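**Q** Sequence plus predicted model, see below.
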Amino acid sequence: MASVPVAALHRMLNRAPRRDRPRPATPPDLELAARPRLWPRALGLTGVVLVGAWLGLLVVGDVRAPVGPMNTTMALRPSVTGGTKINISPLGALSLDSHVAPVRLDVNVDQLDPARSQALVDHPERLSGLQDEVAHDVEHGTLDLAVRSCVAVATGATALGLAVYRRPRRALAAGGLALTLLAASGATAYATWNPKSILEPRFSGLLSSAPSVVGNARSIVTEFDVYQKELARLVTNVTKLYDVTSTLPAYRPDPSTIRVLHVSDIHLNPASWKIIGSLAKQYKVNVIVDSGDTMDHGTAAENGFLDPIGDLGVPYVWVRGNHDSRTTQRYLERMRNVHVLDDGRAETVGGLRFAGIGDPQFTPDRSKAIGRDASEELAGDRLASALRDQRAAGKPVDVAIAHEPSAARETDGTVPLVLCGHLHHQGTEMLEFGTRLRMEGSTGGSGLRAVEHQYPAPIEASILYFDRDSRRLQAWDAIELGGLGLTTAEVSRHLADENKPESDPGASPSATPSTTSSGTAPWGPSSNPSGTVSHRAP
């Protein structure tokens with residue numbers, strides 16, 4: 001056997017790996033750099049789970065479910081405070097503090113089933129079993145929503161995880177975490193469920209001006225039978241309000257249609273601003289026209305009442321009424337979105353050219369003699385003269401505005417449409433030389449005068465639809481809400497037809513409408529078909 005040199009053997013032993021030989025120490029900085037960065041990965045995975053779950057709920061998480069006579073859409077949405085929101089378009093919405101969890105239940109009332117709603121209206125005795133039917137429908141819809149939401153969040157998080165990581169294992173982990181998160185949210189909602197939240201709803205939109213539509217919440221516990229009747233009446237009212245849309249005339253405004261909200265005679269009623277804001281939003285109006293008497297005494301102390309106009313987000317065209325002072329006018333002139341028209345001044349706002357004149361009288365100033373008829377006719381003459389001058393200059397006015405109807409009538413033949421107020425009830429009249437006079441009721445329900453007569457004065461406003469090319473009135477919706485303590489609502493649509501005689505705005509609301517002569521205006525008659533349909537929900 002050949003001998004191996006001792007030096008060579010020593011080198012071989014040093015090169016051979018030994019399990020018990022200690023490894024050289026690694027510097028601390030290198031060890032930290034080699035360690036996986038767990039926090040960024042965890043945050044990234046959390047973001048994928050949350051975004052994927054949210055997208056899944058948006059795409060496939062909605063459930064269509066019948067609730068009584070209504071077809072609804074239920075959905076879960078991410079939320080910081082939780083709760084339930086019920087949208088009843090275009091009336092508004094009500095919110096309930098039903099639970100505390102990172103998800104909110106949204107219920108949208110889409111439409112009424114014609115057969116079920118008609119059966120409910122025709123057979124009021126069925127309302128006695130409506131509560132049980134609604135409870136069963138809500139329970140069934142909520143169960144379907146829970147199942148679909150689980151599928152939606154798991155699918156959404158898994159799909160997004162696969163797109164981001166491109167690894168099936170991580171994608172499935174994201175889906176599992178999303179499902180776990182939804183289950184935890186559901187458990188939290190169940191643990192914090194508050195069935196008494198229905199007693200303290202928060203209203204928005206038109207519903208905020210009449211929360212009594214669902215009864216007095218404080219008396220619900222002790223007078224449940226009364227509450228049940230009020231709830232049944234609410235369902236019946238909503239049924240009738242939705243039913244009217246199927247019988248309105250065939251006119252349908254397109255996206256290019258100019259929408260004008262006409263209000264008048266607010267008379268210092270703060271509830272009017274919520275109604276005006278809701279109508280402006282629901283109808284997506286381009287401009288609001290106020291034909292005066294926004295105030296009651298016209299004092300500087302009342303000026304703060306006008307501040308909500310700046311928050312409406314819509315141009316506001318205003319003329320002075322006999323309860324509005326010059327102090328009121330100067331205060332409004334300083335607001336950015338307000339266009340004050342006086343002495344025949346004309347401006348183009350929202351695609352239409354307006355001209356107006358303020359009321360020459362100031363009723364609260366009793367130190368001056370009142371001679372309304374003569375002064376109103378003179379004001380109307382000045383407005384008509386200004387309208388003729390605008391036409392001669394090649395800038396014809398589309399809509400004239402005056403507060404008093406007698407002043408508005410003096411513009412006959414100089415403008416297609418003139419708007420006014422003052423008498424606290426709606427009406428339309430075709431004047432002799434072709435001008436249409438449209439008078440608005442009191443959008444403030446006559447203010448402090450609401451209960452002077454046997455029945456409270458209603459709250460009235462109108463939506464006017466104009467063709468953008470011709471700038472002519474095509475149709476209008478007359479809106480009437482029950483006054484103080486009432487929960488009625490009426491919506492009627494009218495199609496413009498200058499050859500059709502209409503009610504005299506100077507007549508009493510209870511009188512038989514009288515006809516007026518009609519003529520052909522210089523701009524020619526409208527070719528649209530006419531029709532009027534109104535519906536009142538008690």
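**A** Alright, I've got the coordinates. The structure displayed is predicted, hence computed values, not measured ones.
**Q** Which residues outside the helix or strand harbouring R170 are in contact with it?
**A** Taking DSSP states H and E as the criterion, R170 maps to helix 168-191. Applying C-beta atoms under 8 Å, 6 or more residues apart in numbering, the contact partners of helix 168-191 are 45, 48-50, 52-53, 56, 82, 99-103, 146, 149-150, 153-162, 165. To be clear about C-beta, it is placed using only N, CA and C from the backbone, and glycine gets the same treatment.
**Q** residues contacting the nearest residue to S79 once chain neighbours are set aside?
**A** Among residues not flanking S79 along the chain, R104 sits closest, at 3.6 Å (C-beta to C-beta, 6 or more residues apart in numbering). Contacts were defined as C-beta under 8 Å, 6+ apart; by that measure R104 touches L76, R77, P78, S79, T81, G82, G83, T84, K85.
**Q** Pull out the buried members of the residues you listed.
**A** When the contacts of R104 are checked for burial by 16 or more other C-beta atoms under 10 Å, the buried set is L76, S79, G82, G83, T84, K85.
**Q** can I get those residues in JSON lines with distance to G344?
**A** JSON lines is the format used below for the buried ones among the contacts of R104 (distance: C-beta to C-beta, whole Å):
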{"residue": "L76", "distance to G344": "57"}
{"residue": "S79", "distance to G344": "53"}
{"residue": "G82", "distance to G344": "56"}
{"residue": "G83", "distance to G344": "53"}
{"residue": "T84", "distance to G344": "53"}
{"residue": "K85", "distance to G344": "48"}
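**Q** Pick the one among those closest to S462.
**A** K85 (29.6 Å; C-beta to C-beta).
**Q** who's in contact with that closest one?
**A** A93, L94, S95, L96, R104, L105, D106, V107.
**Q** Report the beta-bridge partners for the third one.
**A** Residues found in beta-bridge contact with S95 (criterion: DSSP bridges) are K85, R202.
**Q** could you give the mean pLDDT of the longest helix anywhere in the chain?
**A** The longest helix of the chain (DSSP state H) is helix 130-165. Regarding helix 130-165, the rounded mean pLDDT is 80.
**Q** Could you figure out how far it is turned away from helix 168-191?
**A** 150 degrees (axes from the mean of the first three to the mean of the last three C-alpha atoms, to 10 degrees).
**Q** quick one: buried residues of helix 130-165?
**A** 130, 133-134, 137-138, 141, 145, 148-150, 152-162, 164-165.
**Q** who does it touch, helix- and strand-wise?
**A** Judged by 3 or more C-beta pairs under 8 Å, 6 or more residues apart in numbering; DSSP states H and E, helix 130-165 is in contact with helix 38-60, strand 63-67, strand 70-78, helix 168-191, helix 224-243.
**Q** okay, now the domains of this protein?
**A** Here the domain parsing of the chain from automatic domain parsing is 41-212, 253-537.
**Q** Pick the most deeply packed of those domains.
**A** domain 253-537 (a mean of 19; mean count of other C-beta atoms under 10 Å).
**Q** pLDDT on it, on average?
**A** pLDDT averaged over domain 253-537 gives 80.
**Q** So G313 lies in a helix, does it not?
**A** No: if the criterion is DSSP: H, G, I helix; E, B strand; the rest coil, then G313 is coil and not within a helix.
**Q** which ones are touching it?
**A** G313 neighbours (C-beta under 8 Å, 6+ apart): A280, N337.
**Q** Tell me the spacing between it and T294.
**A** Separation of G313 from T294 (C-beta to C-beta, to the nearest Å): 18 Å.
**Q** and if you look at D359?
**A** Taken as C-beta to C-beta, the span from D359 to T294 is 12 Å.
**Q** Repeat that for A189.
**A** 46 Å.
**Q** Check E139 too.
**A** 49 Å.
**Q** for A407, same thing?
**A** A407 is 17 Å from T294, by C-beta to C-beta.
**Q** Put the alpha carbons of the helix holding R170 into PDB.
**A** Extracted C-alpha coordinates of helix 168-191, given in PDB (Å, rounded to 0.1, in the frame of the first residue of the first chain):
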ATOM      1  CA  PRO A 168     -52.600  29.800  -7.800                       C
ATOM      2  CA  ARG A 169     -51.600  29.200  -4.200                       C
ATOM      3  CA  ARG A 170     -51.400  32.900  -3.300                       C
ATOM      4  CA  ALA A 171     -54.600  33.600  -5.300                       C
ATOM      5  CA  LEU A 172     -56.500  31.000  -3.300                       C
ATOM      6  CA  ALA A 173     -55.100  32.400  -0.100                       C
ATOM      7  CA  ALA A 174     -56.400  35.900  -1.100                       C
ATOM      8  CA  GLY A 175     -59.900  34.400  -1.800                       C
ATOM      9  CA  GLY A 176     -59.900  32.600   1.500                       C
ATOM     10  CA  LEU A 177     -58.900  35.700   3.400                       C
ATOM     11  CA  ALA A 178     -61.700  37.700   1.700                       C
ATOM     12  CA  LEU A 179     -64.200  35.100   2.600                       C
ATOM     13  CA  THR A 180     -63.000  35.100   6.200                       C
ATOM     14  CA  LEU A 181     -63.200  38.900   6.400                       C
ATOM     15  CA  LEU A 182     -66.800  38.900   5.100                       C
ATOM     16  CA  ALA A 183     -67.700  36.200   7.600                       C
ATOM     17  CA  ALA A 184     -66.200  38.200  10.400                       C
ATOM     18  CA  SER A 185     -68.100  41.300   9.200                       C
ATOM     19  CA  GLY A 186     -71.300  39.300   9.200                       C
ATOM     20  CA  ALA A 187     -70.700  38.100  12.700                       C
ATOM     21  CA  THR A 188     -70.000  41.600  13.900                       C
ATOM     22  CA  ALA A 189     -73.200  42.900  12.200                       C
ATOM     23  CA  TYR A 190     -75.200  40.100  13.900                       C
ATOM     24  CA  ALA A 191     -73.700  40.800  17.300                       C
END
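**Q** Let me see the mean pLDDT of that helix.
**A** The model assigns helix 168-191 a mean pLDDT of 84.
**Q** Report the inter-axis angle for that helix versus helix 38-60.
**A** Going by the same axes, to 10 degrees, helix 168-191 makes 70 degrees with helix 38-60.
**Q** what are the phi and psi angles of the nearest residue to T414 once chain neighbours are set aside?
**A** The shortest distance from T414 to any non-neighbouring residue, by C-beta to C-beta, 6+ apart, is to L387 (4.0 Å). Dihedral pair for L387: phi -70, psi -40, per degrees, to the nearest 10.
**Q** does L387 really touch A402, like I thought?
**A** No: at 11.1 Å, L387 does not count as touching A402 under the criterion of C-beta atoms under 8 Å.
**Q** Quick check: neighbours shared by those two?
**A** By C-beta under 8 Å, 6+ apart, the residues touching both L387 and A402 are T411.
**Q** Could I get the helices and strands packed on helix 130-165 in a markdown table, plus columns for distance to S492?
**A** Shown next, in a markdown table, are those (distance: least, C-beta to C-beta, whole Å):
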| stretch | distance to S492 |
| --- | --- |
| helix 38-60 | 38 |
| strand 63-67 | 28 |
| strand 70-78 | 23 |
| helix 168-191 | 43 |
| helix 224-243 | 12 |
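**Q** ok, the contacts of K85 vs P308, which is closest?
**A** A93 (19.7 Å).
**Q** Next, work out how far apart that closest one and Q282 are.
**A** 11 Å.
**Q** before we move on, what about T443?
**A** Taken as C-beta to C-beta, the span from T443 to Q282 is 15 Å.
**Q** Could you do G344 as well?
**A** For G344 relative to Q282 (C-beta to C-beta), the value is 33 Å.
**Q** For Y331, which three-state class applies?
**A** Y331 ends up helix, using three-state DSSP.
**Q** what's near enough to touch the nearest residue to it once chain neighbours are set aside?
**A** Nearest residue to Y331, sequence neighbours excluded (C-beta to C-beta, 6+ apart): N303, at 4.5 Å. By C-beta under 8 Å, 6+ apart, the contact list for N303 reads T327, T328, Y331.
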